[in-house]
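*Asks:* Kindly return the folded structure for what I paste below:
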Amino acid sequence: MGQGEWATKNDKILQYANLAQRLCKMFTKIEFRHTLRDQNEFADALTKIASMIQHPESSHIDPLQISLKEEHAYNSLMEVEPDGKPWYNDIKMYLEKRDYPEGITSGQKKTVRRMANSFFLNKEILYKRTSYLGLL
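*Replies:* This is a model prediction of the structure:
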């Protein structure tokens, strides 16, 4: 395809593609870039923000100011439980060593295993799996 031409493979998003083409005519300059799915976290966050905004019918929308942080939010927002360990410690320990905290019941072990199914451990970082196969 040449520049300015694009296609949709999924019929479910065809109406969105048509709307995007109509909206493009309202801008003096616009640029689209293809982003691979595994690098799409920022775009996903922007779509969530955009879905919460009431767009005026006027021809001007103030630009959105975005600043990227040097460190991930999870580094500054983790709360520590009364035992001095973070809330996810049992899940992380189970994923690392298939081990449980001392003194828990079989029901609690089952809960840890069930909760661990929703998480993915990559080196030292624990990610939560999402329904659309993304990681938080």
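
*Asks:* what phi and what psi does the backbone show at the residue of the chain most remote from its centre?
*Replies:* Largest separation from the mean C-alpha position in the chain: Gly103, at 35.1 Å (CA atoms, centre = their mean). Main-chain torsions, Gly103, degrees, to the nearest 10: phi 80, psi 20.

*Asks:* pLDDT score assigned to it?
*Replies:* For Gly103, the model assigns a pLDDT of 87.

*Asks:* do you know how far it is from Phe120?
*Replies:* Separation of Gly103 from Phe120 (CB to CB, to the nearest Å) stands at 27 Å. Any C-beta I mention is one placed from the backbone N, CA and C, and that applies to glycine too.

*Asks:* what do you get for Asp90?
*Replies:* 16 Å.

*Asks:* ok, which stretches of this protein are strands?
*Replies:* 119-122, 125-128 (DSSP state E).

*Asks:* Check the burial of Asn89 by counting its neighbours.
*Replies:* Look at Asn89: counted by other CB atoms under 10 Å, it has 15 neighbours.

*Asks:* separation between it and Ser106?
*Replies:* Counting by CB to CB, the gap from Asn89 to Ser106 is 20 Å.

*Asks:* With Pro86 instead?
*Replies:* As judged by CB to CB, Pro86 and Ser106 stand 24 Å apart.

*Asks:* Then Asp83?
*Replies:* 21 Å.

*Asks:* Equivalent analysis for Leu95, please.
*Replies:* 19 Å.

*Asks:* And those two? Which one has more around it.
*Replies:* Using other CB under 10 Å, the more surrounded residue of Leu95 and Ser106 is Leu95, with 17 against 8.
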